[in-house]
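>>> Build the 3D model from these lines:
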Amino acid sequence: MFLGPSPPHTPLLNRRNNHKPPHATVSSALPDLFLAAFSLLFLWSSPKPLVSLPPNRLSFPLTPRRRSTASMSRLSPPHPPPPPQRFANAQSLSDWLESRLPSDSFAAWGVKPGTKNVHNLWLELSDGETSLTDSTPPVRTVNVVSVRVIGEDGKVLVESHQELSDGSVRERFRPLSEKLKPEETPDEAVFRAIKEELGSIFDGENDVGERIKILPGTYSRRVEERNSLSYPGLPARYALHLVDATVRGLPEEDFCTEEKEYDGDSTEDSEETRAVGKAVTVKRHYWKWVSPSSVRS
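Residues are numbered from 1 along each chain as shown. Predicted structure coming up:
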């Protein structure tokens, strides 16, 4: 314990600095001033912080862009086309169509001269030549090849009319045409159509294909939507594949060809065989040569 006299009282400030020389206070303050000045200079010259910007200037332009991108990704890829309608037989197709078509129009199928019946449409669906949309009314979509057969004198061959199996006559005045089969190219359909509809003029010769020449650079395609003449009341969408061709050995005057009838296997008992027996088919085609300006595809 300290028992001697108390040391003289010194203020706190003096006690803190009493070990330094008198000029130490000024010199120790210089680094502090220098640091403060450097900090102010750095803050003044540095770019303004993002937080000083209004929030909308940063976030507003980006947010709609992200929403738009997300919505576009949801819309693409496009929805795949619906699968084709399948029917076990012509009766099931008839039941399906009955509630989707005007009754008076549907009743005219196969009855009104020049029309086809529900068995024809069922065969087209079964063979993949036609598709139907599931709508009211349905829309029949068909790919058709249309061949302008050009004669030596520049005239075009058209089918003036057809004689049907029910004895009626259907006016045509169109170039040779045929529905495309699944996986068939337009060129392949051209050769098949000419063989089927004009082949009888050559008495079953095997070189019919060698007589056919597709003219280069004449192919074109267009789509038409109109009511079907074969099936009253049924809207149709036709994808037309148009091409010019020549066929050696055709008569120079108007002529007629016979459609090859489906005979099949006499022992076969299938829905297709029964439908063919009840369908309205083409018995004869009547052809004539006309000027190109009078032809409609």
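
>>> Can you tell me the element residue 277 falls in?
Assigned by DSSP states H and E, residue 277 belongs to helix 271-278.

>>> Only alpha carbons, please: show the very next helix or strand once past that helix as CSV.
Scanning forward in sequence from helix 271-278 by DSSP H and E, the next helix or strand is strand 282-290. Listed next in CSV are the C-alpha coordinates belonging to strand 282-290 (Å, rounded to 0.1, in the frame of the first residue of the first chain):
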residue,chain,number,x,y,z
VAL,A,282,-66.4,-45.1,-111.3
LYS,A,283,-67.1,-47.4,-114.2
ARG,A,284,-65.9,-45.3,-117.1
HIS,A,285,-63.9,-42.1,-117.7
TYR,A,286,-64.6,-39.9,-120.7
TRP,A,287,-61.7,-37.8,-122.0
LYS,A,288,-61.3,-34.9,-124.4
TRP,A,289,-58.6,-32.5,-125.6
VAL,A,290,-59.2,-28.8,-124.9
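
>>> Touching the helix holding residue 277 from outside, list them.
88, 89, 90, 117, 119, 122, 123, 126, 262, 264 (CB atoms under 8 Å, 6 or more residues apart in numbering). C-beta coordinates here come from the backbone N, C-alpha and C atoms, glycine included.

>>> how close does the first one get to residue 126?
Put plainly, it is residue 88. Distance from residue 88 to residue 126, counting by CB to CB, to the nearest Å: 10 Å.

>>> Do a quick rundown of the helices in the stretch 101-250 of the chain.
Using DSSP state H, counting those that start in this stretch, the helices of the stretch 101-250 of the chain run over 103-107, 118-126, 186-198, 208-211.

>>> So for residue 288, which of those helices sits nearest?
For residue 288, the closest of these is helix 186-198, at 13.2 Å, according to CB to CB.

>>> Identify the residues contacting the closest one?
145, 147, 149, 159, 176-178, 180-181, 184, 208-209, 212, 214, 219, 241, 243, 245, 247, 250, 257, 259-260, 285, 287.

>>> Report the buried residues of it.
The neighbour-count check on helix 186-198 (16 or more other CB atoms under 10 Å) flags 186, 189, 190, 191, 192, 193, 194, 195, 196, 197, 198 as buried.

>>> tell me the angle it makes with strand 282-290.
Angular relation of helix 186-198 and strand 282-290 on a 0 to 180 degree scale: 100 degrees, by axes from the mean of the first three to the mean of the last three CA atoms, to 10 degrees.

>>> Mind exporting the C-alpha coordinates of helix 186-198 to CSV?
Presented in CSV, the C-alpha positions along helix 186-198 are these (Å, rounded to 0.1, in the frame of the first residue of the first chain):
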residue,chain,number,x,y,z
PRO,A,186,-46.5,-36.7,-106.0
ASP,A,187,-44.2,-38.2,-108.7
GLU,A,188,-45.2,-41.7,-107.7
ALA,A,189,-48.9,-40.7,-107.6
VAL,A,190,-48.6,-39.3,-111.1
PHE,A,191,-47.4,-42.7,-112.6
ARG,A,192,-50.0,-44.6,-110.6
ALA,A,193,-52.9,-42.3,-111.6
ILE,A,194,-52.1,-42.4,-115.3
LYS,A,195,-51.8,-46.2,-115.2
GLU,A,196,-55.0,-46.7,-113.4
GLU,A,197,-57.2,-44.2,-115.3
LEU,A,198,-55.6,-44.3,-118.8
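
>>> Give the rounded mean pLDDT of it.
For helix 186-198, mean pLDDT rounds to 95.

>>> Report pLDDT for the closest residue to residue 251 other than its chain neighbours.
Nearest-residue entry for residue 251: residue 201, 7.0 Å, with adjacent residues in sequence omitted and distances by CB to CB, 6 or more residues apart in numbering. With respect to pLDDT, residue 201 scores 91.

>>> residue contacts, residue 201?
By CB under 8 Å, 6+ apart, the neighbours of residue 201 are 249, 250, 251, 255, 257.

>>> go on, residue 144?
With the criterion set at CB under 8 Å, 6+ apart, residue 144 makes contact with 177, 178, 179, 180, 238, 239, 240, 241.

>>> May I have the beta-bridge partners of it?
On the basis of DSSP bridges, residue 144 is bridged to residue 179, residue 240.

>>> State the distance from it to residue 124.
For residue 144 relative to residue 124 (CB to CB), the value is 12 Å.

>>> separation between residue 192 and residue 245?
Distance of residue 192 to residue 245, given as CB to CB: 12 Å.
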